[in-house]
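Engineer: Any chance you can model this:
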Amino acid sequence: MEHVYDTLSPWYRLLDPPEAHAEEAAVYEAALLGVIGSTPARPALLELGAGAGGNALHLKARFDCTLSDLSPGMLALSRELNPECRHVEGDMRTLRLGETFDALLVHDAVCYMTTEADLQRAIETAYAHTACGGAAVFAPDDYADTFEEHTELIEGADGERALRVIEWAWDPDPADTTIRVEYAYVMRERDEVQTAHETHTLGLFSREAWTRLLEGAGYAVSTTERWVDGVLYDRVFVCRKP
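Structural biologist: Down below sits the predicted model:
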C-alpha cells in the first residue's frame with residue numbers, strides 16, 4: 001500500500017484539496033449527461049477508484065453516488081466529505097455489485113492498472129455495472145502517445161500544518177507499459193518537520209490500446225476535452241453502452 005493512501009492519509013487533503021476537483025468534475029458531469037440525457041432526474045453514478053471523494057463532492061448535487069475504492073483510508077476520508085453517499089470497499093478489477101448504474105466514472109486510480117490484462121479487467125468491471133444506454137467516463141492521467149518526463153511542486157497549508165511535495169514522473173523503460181512516479185514529502189506541524197519518500201508504479205497505455213480495450217468490452221467510444229486550471233490538459237474517453 002502506498003503511504004499517501006495509508007499512513008500519510010491525514011495529510012492527504014493538503015496534497016489534493018477537494019475544491020481542486022471542481023473544474024474536472026464539471027467536464028465529467030457534462031460528458032455523462034450528454035450521453036444519458038436528463039432522465040432520470042438524479043441518475044445513479046458509480047465511481048471506481050473514488051479515492052478521498054474529491055470528484056463526488058461536486059457530482060453528488062446531480063447524481064446519486066456510489067463510491068468504491070481499494071483503500072480503507074481513502075474511503076474514510078470520503079465518508080467524512082460525502083456522508084450521504086454510499087461507500088463500497090473493492091478492487092476495480094474484481095468488484096461485482098450485482099447492479100447497474102446510469103453513469104460510471106473511472107478517474108486516475110485506473111493508472112494503477114499496469115498491464116493490459118489488468119486494464120481490461122477494470123474496463124470489464126465498469127461495463128458490467130453500466131446500464132444499457134448508460135455512460136462511462138475514463139480519465140487516466142497520461143497516454144503513451146504524449147507522455148514526457150515531468151516534475152511538479154505541490155504546496156498546501158492548513159493552520160499549523162504545511163506540506164511540500166515534489167512529484168517526479170519518469171519512464172525507466174519506454175518499451176514496457178509502466179512509468180514511475182516519485183513523491184518526496186516534507187511535512188511541518190508547528191515546529192516539527194518530517195520527511196517521506198515513496199514510489200508509485202503506474203500503467204501507461206496508448207490511446208489505441210485504450211480504444212481497442214473499451215470497444216472490445218462493448219462500449220461505443222468517443223472523447224471530450226478535459227480542462228484543468230483553465231488549460232486544455234488532454235482528452236478523456238466518453239463511452240456509451242448500447
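Engineer: per the record, what domains does the chain have?
Structural biologist: The chain breaks down into these domains under automatic domain parsing: 3-141+206-240, 150-203.
Engineer: How far away from the center of its chain is the longest one?
Structural biologist: Think domain 3-141+206-240. Averaging C-alpha positions (Cα atoms, centre = their mean, to the nearest Å) puts domain 3-141+206-240 6 Å from its chain's average.
Engineer: For this protein, which segments count as strands?
Structural biologist: 44-48, 64-69, 86-89, 101-106, 130-138, 150-158, 161-170, 178-189, 192-203, 220-228, 231-240 (DSSP state E).
Engineer: which residues are in contact with the fourth one?
Structural biologist: Counting contacts by Cβ atoms under 8 Å, 6 or more residues apart in numbering, the residues outside strand 101-106 that touch it are 28, 32, 36, 40, 43-49, 55, 59, 63, 66, 92, 122, 126, 129-131, 134-139. The C-beta positions use only the backbone N, C-alpha and C, and glycine is treated the same way.
Engineer: before we move on, what about the third one?
Structural biologist: Taking Cβ under 8 Å, 6+ apart as the criterion, the residues outside strand 86-89 that touch it are 50, 65-70, 72, 75, 78-79, 95, 97.
Engineer: Note down every partner strand of that strand and its orientation.
Structural biologist: Using DSSP bridges, strand 86-89 pairs in its sheet with strand 64-69 (parallel).
Engineer: cool, and the fifth one?
Structural biologist: Its sheet considered, strand 130-138 pairs with strand 101-106 (parallel), strand 231-240 (antiparallel) by DSSP bridges.
Engineer: ok, back up a step: please name whichever of the strands of the chain is nearest to residue 5.
Structural biologist: Judged by Cβ to Cβ, the one of those that comes nearest to residue 5 is strand 64-69, at 8.7 Å.
Engineer: I'd like the average pLDDT over that closest one.
Structural biologist: For strand 64-69, mean pLDDT is 98.
Engineer: Also stretch 151-168?
Structural biologist: For stretch 151-168, mean pLDDT is 96.
Engineer: Now that stretch: buried residues?
Structural biologist: Buried residues in stretch 151-168, defined by neighbour count with 16 or more other Cβ atoms under 10 Å: 156, 162, 163, 164, 165, 167.
Engineer: any chance of those in JSON lines, plus distance to residue 111?
Structural biologist: As requested, the buried residues of stretch 151-168 are exported to JSON lines (distance: Cβ to Cβ, whole Å):
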{"residue": "156", "distance to residue 111": "21"}
{"residue": "162", "distance to residue 111": "27"}
{"residue": "163", "distance to residue 111": "22"}
{"residue": "164", "distance to residue 111": "23"}
{"residue": "165", "distance to residue 111": "17"}
{"residue": "167", "distance to residue 111": "13"}
